[in-house]
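> Could you work out the structure for the sequence below:
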Amino acid sequence: MNKKMLVLAPHPDDELLLAGALIYTLKKKKYDITVAYFTGDDSSAGRGAVRMREAVEALDVLGIRRDNVVFLGYGNNWKNGTHLYNMPEDHVAVSYAGRTETYGLEDHPEYCMLKSGTHRPYTRQNAKEDIRSLIMDIGADLIICVDFDSHADHRALSLLFEEVMGEILHSDETYRPIVLKKFAYAGMNSAKWDYYYSPMLETQPGYVSERLDPRYECDNPVFRWEDRIQLKTDKRTRTRHISSNILYKAACRHKSQKFDRRVGTFANADMVYWQRRTDSISYRARVTATSGRADYVNDFKMIDCPNVMSSADESVEILRDCVWIPDENDGSPTLFMDFESPVRISKVHIYENFLPRENIVKARLVFDSGKEVVIDAIDHKGRKTEVVFETQYNVRHLEFQILEREGTRCGLTELEVYEDDNEQEIPLERYQKPENPVRNIEYDLDIILEKKFHGIAVNHSKEGYYYDMYQMLRMWDNTGNDRIVNWLRQRRYTDVAIYGMGDFGRKLHRDLESAGVRVVYTMDQYAGSMAAGVPVVRSDIFEEMPAVDAVIVTVIHSFAAVKRDLVSRGCDAGRILSLQDIINEAGYGILFQEGGAL
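Got it, this is the predicted structure:
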């Protein structure tokens, strides 16, 4: 019987970032592969159907039949500013496109319609039930799922999957799939355009400045970069010429996203994953504690987030409700694990609370046999601490005792318990580093000809973008907020809107609010997936928004295009201002012609 793989992707096109090369590689090895999408894209009416059809076409290029493409049919970009993931279990959410129930294509209905003959309301509980049902229906040997990165829908699917997987591991002792998690942005969609090298480069960590918290190696603080699993991919996913790469051919099918332009960032010599082991016997144990939420340590869910919508000043502090934290006045904080039948235990994996300065300094494992293991070398960033000891047999009762601690919120996110000192086997070929030195081939004659005849746009804009950001921030700092606010007040701009809620937009919002300039609303293409303390909307409903004195555009490289878009929607061109030009004029008194902003 062929092995089965299930890929859980947030949106159409994310399948290429999460597993494009692996899908093609394993399809050639006769794997039965199913790709499921959590949402089609409800950012505007009709957009979801377009992207769903593109996904079917892209997967066809990789050898996946349409019968193996699943649309769960849930929405994204939620209207009330709260993501479906963070809503009450039975609350019906409304997507940005006005939908309230699942949908698919006329000739390719969504999963619940195929399974039960009905659409399902957009509720958190329904989403969980559909994910669980799909996992159990497929019974995959290998599950690939997005991990927690900067997009709200990615965060939601990652957390919903782990929540569901934890429930499955508790209820079904016979199903223990290989689970591999992956970031769709860091090192993939948001990465250096580095295709033209020989040999091809392996996946890089991504930009530090774009991580949830730069103090940690990955967006998910429990992962180390060095713990990544590097898998070998088929030669057609790492060709010298990008135009002959099977990933490029698949990406060309995602026309609405212009996804072919991004292949140079995510096509690499390897595919990188982090394993979440499912064979811990902690899922068979009853867990209690002297105080605190003991159930957090064996729920498979390393992190959780009470608001997955991206917002300003994010750090690991946004991750809550996932750690066993004993009461501060608990004099002997202890976890208890009790097993119905005797087990053997050879090692444990401890994941401490990832928050800074919340540390377990010293702990102890105590077995009912009387064996004690002292632990005093614990990773204080929440990453895996492995404790191996002489195998203990016929164990029914295990205790984890905190002996010394610092901070008021120290504790554990997970406590995994293993019968043997070995790893859960991943039956996939690993990537091997080449011996030959790496050479840049971007200016070789055949590559120059390829770029010319196939219209390949080598995009190094990310590097230029960060340089421009740095220069603008320097000027902003030199100018000072007072001058910018005075510049706005002199022109009687007291009620404003902000276009672009990235780093600059968030900083501007904070600065203006603190100085008494009222930000009435903000606009961003990812409205519905972020929070800002005021309404965040897409520009297509500009006419429905309250009148403002000015719209300040914070994007660096596309001001002219944004201005044209806003003017086409009824905005007075004279009220559309460039943040960059405001900073320049406020700081240096430079007057700009109409070709600028003012």
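
> now the strands for the stretch 51-200 of the chain?
Secondary structure of the stretch 51-200 of the chain by DSSP state E, counting those that start in this stretch: the strands cover 69-74, 142-146, 178-182, 197-198.

> Residue 375 against residue 365, yeah?
Yes: if you go by C-beta atoms under 8 Å, residue 375 and residue 365 touch, sitting 6.9 Å apart. (C-beta placed from N, C-alpha, C; glycine too.)

> Between these two, which contacts overlap?
residue 387 (C-beta atoms under 8 Å, 6 or more residues apart in numbering).

> could the strands of the stretch 51-200 of the chain go into a markdown table alongside distance to residue 286 and mean neighbour count?
Formatted as a markdown table, the strands of the stretch 51-200 of the chain follow (distance: least, C-beta to C-beta, whole Å; neighbours: other C-beta atoms under 10 Å):
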| stretch | distance to residue 286 | mean neighbour count |
| --- | --- | --- |
| strand 69-74 | 33 | 26 |
| strand 142-146 | 26 | 25 |
| strand 178-182 | 23 | 24 |
| strand 197-198 | 53 | 15 |
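
> Which one, of those strands, ends up nearest to residue 31?
Among these, strand 142-146 comes nearest to residue 31, with 7.9 Å by C-beta to C-beta.

> tally of neighbours for residue 455?
If you count neighbours by other C-beta atoms under 10 Å, residue 455 ends up with 9.

> re the thing from before, can you lay out the strands of the stretch 51-200 of the chain as CSV showing distance to residue 303 and mean pLDDT?
Converted to CSV, those look like this (distance: least, C-beta to C-beta, whole Å; pLDDT from 0 to 100):
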stretch, distance to residue 303, mean pLDDT
strand 69-74, 21, 97
strand 142-146, 14, 98
strand 178-182, 11, 98
strand 197-198, 34, 93
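
> can you list these in CSV and add distance to residue 317?
Shown next, in CSV, are the strands of the stretch 51-200 of the chain (distance: least, C-beta to C-beta, whole Å):
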stretch, distance to residue 317
strand 69-74, 28
strand 142-146, 22
strand 178-182, 22
strand 197-198, 38
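
> Out of the ones you listed, flag the one nearest residue 509.
Among the strands of the stretch 51-200 of the chain, strand 142-146 sits nearest to residue 509 (C-beta to C-beta), with 28.3 Å.

> Paired strands for the closest one, with orientation please.
Note on strand 142-146: by DSSP bridges, its sheet partners are strand 4-9 (parallel), strand 178-182 (parallel).

> Which of those sits closest to residue 526?
strand 4-9 (17.5 Å).

> Show me which residues of the closest one are buried.
By neighbour count with 16 or more other C-beta atoms under 10 Å, strand 4-9 contains the buried residues 4-9.

> thinking again about what came up before, can I get the strands paired with strand 142-146 in CSV with distance to residue 19?
Below are the strands paired with strand 142-146 laid out as CSV (distance: least, C-beta to C-beta, whole Å):
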stretch, distance to residue 19
strand 4-9, 5
strand 178-182, 7
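
> So for residue 291, which of the ones you listed sits nearest?
Closest to residue 291 of these, according to C-beta to C-beta: strand 178-182, at 30.9 Å.

> Identify the residues contacting that closest one?
With contact meaning C-beta under 8 Å, 6+ apart, strand 178-182 is reached by 17-19, 141-147, 158, 165, 188, 220, 229, 271-278, 424-427.

> ChimeraX command to pick out the buried ones of these?
Selection command for ChimeraX covering only the buried members of the contacts of strand 178-182, criterion 16+ other C-beta under 10 Å:
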select :17,18,19,141,142,143,144,145,146,147,158,165,188,220,229,271,272,273,274,276,278
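
> which stretches of the protein aren't confidently modelled?
Within the chain, the ranges that satisfy pLDDT under 70 run 43-45, 311-313, 460-467, 528, 588-598.

> Give me the most central residue, it.
Among the residues of the chain, the one closest to the centroid is residue 149, at 2.4 Å (C-alpha atoms, centre = their mean).

> Go ahead and confirm that one touches residue 185.
Yes: between residue 149 and residue 185 a contact is recorded at 4.5 Å, counting by C-beta under 8 Å.

> Which neighbours do these two have in common?
Counting by C-beta under 8 Å, 6+ apart, the residues touching both residue 149 and residue 185 are residue 219.

> returning to that earlier point: relative to residue 448, which of the strands of the stretch 51-200 of the chain is closest?
strand 197-198 (14.7 Å).

> Next secondary structure after that closest one?
Once strand 197-198 ends, the next helix or strand along the chain (criterion: DSSP states H and E) is strand 229-232.

> Counting by contacts, list what that next one packs against.
helix 14-27, strand 270-275 (3 or more C-beta pairs under 8 Å, 6 or more residues apart in numbering; DSSP states H and E).

> For residue 102, which of these is the nearest?
Nearest of the helices and strands packed on strand 229-232 (C-beta to C-beta): helix 14-27, 18.3 Å.
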